[in-house]
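Undergrad: coords please:
(2 chains)
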Number of protein chains: 2
Amino acid sequence: MSETGPEVETQEAPADSDNELEGLYGLTDDLVHDIRLAAQEERREDIPSLVADLHAADLADLLEHLGSSDRSVVIQTIGDKLDAEVVSYLDVTVREDVLDLLNTGQLAAVVTELESDDAIDLLEDMDEADQKELLEAMPAGDRVLFEEALAWPEDSAGRLMRREVVAVPAVWTVGETIDYMRSDTELPDDFYYLIVVDPVHQPLGMMPLSRMLRTKRPVLITDIMDEEFRPIPVTMDQEDVAFLFRQYGLIETPVIDESGRLVGVITVDDVVNVIEEEHEEDMMRLAGMGEDDYYSAVVATTRARFSWLLLNLATAILASFVIAMFDAAIEKVVALAILMPIVASMGGNAGTQTLTVTVRALATRELTTSRALRAVVKESMVGLINGILFALVMGAVGWFWFGSPAIGGVLAAAMVLNLLVAGLAGTLIPLALDHWGADPAIASAVFLTTITDVVGFFCFLGLGAWILL
Amino acid sequence: MSETGPEVETQEAPADSDNELEGLYGLTDDLVHDIRLAAQEERREDIPSLVADLHAADLADLLEHLGSSDRSVVIQTIGDKLDAEVVSYLDVTVREDVLDLLNTGQLAAVVTELESDDAIDLLEDMDEADQKELLEAMPAGDRVLFEEALAWPEDSAGRLMRREVVAVPAVWTVGETIDYMRSDTELPDDFYYLIVVDPVHQPLGMMPLSRMLRTKRPVLITDIMDEEFRPIPVTMDQEDVAFLFRQYGLIETPVIDESGRLVGVITVDDVVNVIEEEHEEDMMRLAGMGEDDYYSAVVATTRARFSWLLLNLATAILASFVIAMFDAAIEKVVALAILMPIVASMGGNAGTQTLTVTVRALATRELTTSRALRAVVKESMVGLINGILFALVMGAVGWFWFGSPAIGGVLAAAMVLNLLVAGLAGTLIPLALDHWGADPAIASAVFLTTITDVVGFFCFLGLGAWILL
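TA: Presented below is the predicted three-dimensional model:
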């Protein structure tokens, strides 16, 4: 644990970080290696014992790490014993591959076995024809349940919630509730709260199990339940759901339909996945990508990135047009060509800093429309002050490098302007996208660098042509 | 909900997204406005009733949104009634301001009231002198507890865990356990599992409360407990802890010391905060920033960003030196100056895509050292193929724009080279940083664009000078 400087912070205990997980994370590199070898050498009989002790999440990781031919060998070997949960842990790209290896009957068995929220997660990513075929292969009762859930908007609380809820009537005592729980074998595996409901099934309160256990049998549950709780409308977007869970440290919360009746519950583990997804989306979009393509094949990755790079190319050519306007100046004063990328680069970097903070603050709801002006003013001031500071630095560099105070002056002026514009664009672009209902992260970086490149080149070369010629 | 194109995905129900949270999120813009007005007009008597119904997390948000003078008015008005939990919800920057407004006695009262994990979170961010003064103002019992926790490494499980655990001996029945829970009033507020321990306090199993409630009184708890659980070493880094919670969908898990004894538990709500922190750190570092500065004042923000931009300036000047090597060529063929930013920009963007995917895969442990080669090969191939595709596009553009097949050819060759280098650098830089124990996100973007700028300019101008002159 050495500090190598104020800005490069080292991680705690870096060297043995992987070792620390040993025994806690089931999938070791050695195990992946052994299984890959067994698959490649067609020693199929060895595979079941190698994967036997893996947790469903670890087996999913294993399938993700294998190449597609090794993967199909492992799937075929496990066959009908493939745990439904494994499929729900898989990355979307890999999951499609795995599902293709199963027949409809196997698939229906997998989906029926899952808890309703995991099953929906799996169903919603399938194309319509596959989805229909699969639903038809299911028992009628399950089918109706899934069709109902799929009728909720994509990314809504309705898709995220578990339908199996433990609801108890408000008239019961602690003792009656415990007796009911001991007798009913159909309850879900894990739950942390009971939901107390009125006769028309509207939630009245949440009952933490720990409090139930600590209260004597004759006490009425309405006397000890939490009356302050946050019932989530079934149509609420999952980002808002995640916000509420984070904001109030929720573990489990009821979901209600438009008439206020209890239709399901959402638990924090599903929300953790949403948070991860939203993070990933923000990061990838800021980098000019549609989605994370770590598990995509080379061709699919190349194609997806190509379209983003093509967009960037269009903006780069636009910037080149601006430069071409001043070709005469460049031919006479070649220093302009040498220095112009500095102005554009500084603007792009300062703008990216502002953009990232703004996108993040919008995602966490720290920044809302009513606070937008404050953010724009602050970032403009930061841009202006840093612009002035770097103008001083760069003015000096330009002067001494080319022995011309005029070149230094032009560089300084362009720097102030471009860093101010970077602060403005870095806040206004995501705010505008958000205002118009688009994801603030999407294409923001492309818009931003277009502006800082065009403004940077135009100011610097324009001032250069005007003053130096 | 309109689809504006394949790449610009609109959010679900954007227009009423804020309205959906109404009634669920306590802090409305109107309320912030009213409180700000009351503070500014010195109507202090109005403030307590305005904030009375706010959840601690919402009151924290309010304090974050107010300017520092309004904030101190609100704090003074609430005074000793300030809920300790509010402080624990505050952003670090704002928290320092708020703590400065309290005297040591008030502060000690706040910290003592918190659960141990929240108290540590607050203590560890204070400077040493303040921390010492505060610890001395506390009751001796609490002080020892906190000093113990602060002795664990920063960002370790020991700092994250709650010391208050509900542990029960393995010899008990369900009935005996329930009786104990009903009689002990010192148990923590919320917990979801009991930890079953042996006589030397080593955990033997986890007992979900839902299962306790569903089992008859005479059953031994060892017969129904989960024997598969993941005890976390107290020194484990919080990133690893977060990984295990995500991987296995954990809600609560025991923490053990080096002799295997139970010393605390970690619950998922604390881990959600860690996930948020780690994610924020990755995003900010990829954008060339030390940390999120949304709540920092203009001067602090400017200063922090200045040092990052200065690093970028140094690399931009380096790129300018490369351009300056070819000033003679530029004077003769000004098209080189016009086109050179395209090569650099495409390399920078392609490299950023690769870099982001790689940093993300390292953070989620999808990418480990043993899988590094695969990632490098894939990204190089993606870079090479996209390089060839864009070489064709740009070759044609260069040819027709300047009527010179030679310029088109030079542009095409530089594009292939720079996109290949971008794929290599985008994977190798974060892998190298990770290998040396540094955060793969830190300064990666600066290194990357230095390489793509230098290589881009050098290849394009070098080839141009060689072929065109």
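
Undergrad: which bits of the stretch 351-469 of chain A sit near chain B?
TA: For the stretch 351-469 of chain A, the contact set with chain B under Cβ under 8 Å from any Cβ of the partner chain comprises A:352-353, A:355-357, A:360-361, A:364-371, A:375, A:378, A:381-382, A:385-386, A:389-390, A:393-394, A:397, A:436-439, A:442-443, A:449, A:453, A:457. No exception for glycine: its C-beta is placed from N, CA and C like everyone else's.

Undergrad: quick check: PyMOL command selecting the buried ones in these.
TA: Per 16 or more other Cβ atoms under 10 Å in any protein chain shown, the buried members of those correspond to this PyMOL selection:
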select buried, chain A and resi 352+353+355+356+357+360+361+365+366+367+368+375+378+381+382+385+386+389+390+393+394+397+437+438+439+442+443+449+453+457
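
Undergrad: how about the residue of the stretch 301-450 of chain A found nearest chain B, phi and psi?
TA: In the stretch 301-450 of chain A, no residue comes nearer to chain B than residue A:437, which is 2.9 Å away by Cβ to the nearest Cβ. In terms of degrees, to the nearest 10, the main-chain angles of residue A:437 are phi 80, psi 10.

Undergrad: phi, psi for residue A:235 please.
TA: Note on residue A:235: its backbone torsions stand at phi -90, psi 0 [degrees, to the nearest 10].

Undergrad: what's opposite the residue nearest to it when sequence neighbours are not counted in the beta bridge?
TA: With sequence-adjacent residues excluded and distances taken as Cβ to Cβ, 6 or more residues apart in numbering or on different chains, residue A:235 is closest to residue A:156, at 5.3 Å. Counting by DSSP bridges, residue A:156 forms beta bridges with residue A:237.

Undergrad: just give the number of residues close to residue A:156.
TA: As a burial measure, residue A:156 scores 22 neighbours (other Cβ atoms under 10 Å in any protein chain shown).

Undergrad: contacting residues around it?
TA: Residue A:156 makes contact with A:234, A:235, A:236, A:237, A:238, B:12, according to Cβ atoms under 8 Å, 6 or more residues apart in numbering or on different chains.

Undergrad: again with residue A:69
TA: residue A:39.

Undergrad: ok, back up a step: ok, of the contacts of residue A:156, which come out buried?
TA: A:234, A:235, A:236, A:237, A:238, B:12.

Undergrad: got CSV for the residues you listed, with pLDDT too?
TA: Output for these, formatted as CSV (pLDDT from 0 to 100):
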residue, pLDDT
A:234, 95
A:235, 94
A:236, 94
A:237, 92
A:238, 92
B:12, 39
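
Undergrad: of these, which is the nearest to residue B:267?
TA: residue A:238 (22.2 Å; Cβ to Cβ).

Undergrad: now residue A:64. Nearest residue, chain neighbours left out?
TA: residue A:94 (4.9 Å).

Undergrad: pretty sure that neighbour is touching residue A:62, no?
TA: No: judged on Cβ atoms under 8 Å, residue A:94 makes no contact with residue A:62 at a distance of 10.5 Å.

Undergrad: quick one, helices of the stretch 251-400 of chain A?
TA: Secondary structure of the stretch 251-400 of chain A, counting by DSSP state H, counting those that start in this stretch: helices at A:268-286, A:298-324, A:327-332, A:335-363, A:372-402.

Undergrad: what's in contact with stretch A:388-402?
TA: For stretch A:388-402, contacts defined as Cβ under 8 Å, 6+ apart pick out A:335, A:339, A:342, A:346, A:404-405, A:407-413, A:415-416, A:419, B:302, B:306, B:309-310, B:313, B:317.

Undergrad: right, I'll leave it there.
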